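>>> One predicted model, sequence on top.
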Amino acid sequence: MAATALELRHLRRGMFDLLITIAFLVIVATVYHYESGGLWSYETSLYFMVVSLLGIGFGEVVPKNEDMRLFTAVFRLVCTTIDIILPMH
């Protein structure tokens, strides 16, 4: 069964949203990795992002300086905004 134009448009939009989300997470993980002076691996950076966004906050991985804390606050604000806006499309 062939997909309709509307279904293809929704599929392309979903793929675009997924690509933007992955790119955003890779950029943020890279920032955390370099801002930590290489102390955080990419896996640790991704783990911290997930724990931060879910509001769990175990506390075993925390930003060490004020710049990273500010970046984390902005990161959480941007992610919350994206979470509100994306479903509206």
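Thanks, I have it.

>>> okay, A73: pLDDT?
The predicted local confidence for A73 comes out at a pLDDT of 91.

>>> can you give me the helices for this structure?
Taking DSSP state H to define them, one finds helices in the chain at 5-35, 42-54, 66-85.

>>> Tell me which of those sits most buried.
For those, average neighbour numbers computed from mean count of other C-beta atoms under 10 Å are highest in helix 42-54, which has a mean of 15. In short, each C-beta sits where N, CA and C put it, glycine included.

>>> What are the contacting residues of that helix?
Contact with helix 42-54 is made by 25, 28-30, 32-33, 36, 40, 57-58, 61, 72, 75-76, 79, as judged by C-beta atoms under 8 Å, 6 or more residues apart in numbering.

>>> quick check: mean pLDDT across it?
Along helix 42-54, the predicted local confidence has a mean pLDDT of 88.

>>> Distance from the chain centre to that helix, please.
The chain centroid and the centroid of helix 42-54 are separated by 9 Å, computed with C-alpha atoms, centre = their mean, to the nearest Å.

>>> what angle sits between that helix and helix 5-35?
Calculated by axes from the mean of the first three to the mean of the last three C-alpha atoms, to 10 degrees, helix 42-54 forms an angle of 120 degrees with helix 5-35.

>>> tell me the angle of helix 42-54 relative to helix 66-85?
Angle, helix 42-54 to helix 66-85, by the same axes, to 10 degrees: 60 degrees.

>>> what's the distance between P87 and V50?
When C-beta to C-beta, to the nearest Å is applied, the distance between P87 and V50 equals 20 Å.

>>> Which residue, other than its chain neighbours, is closest to the residue positioned nearest the centre of the chain?
Here the mean C-alpha position of the chain is nearest to the C-alpha of L25 (C-alpha atoms, centre = their mean), at a distance of 3.9 Å. Residue nearest to L25 in three dimensions, not counting chain neighbours: M49, with 6.6 Å by C-beta to C-beta, 6 or more residues apart in numbering.
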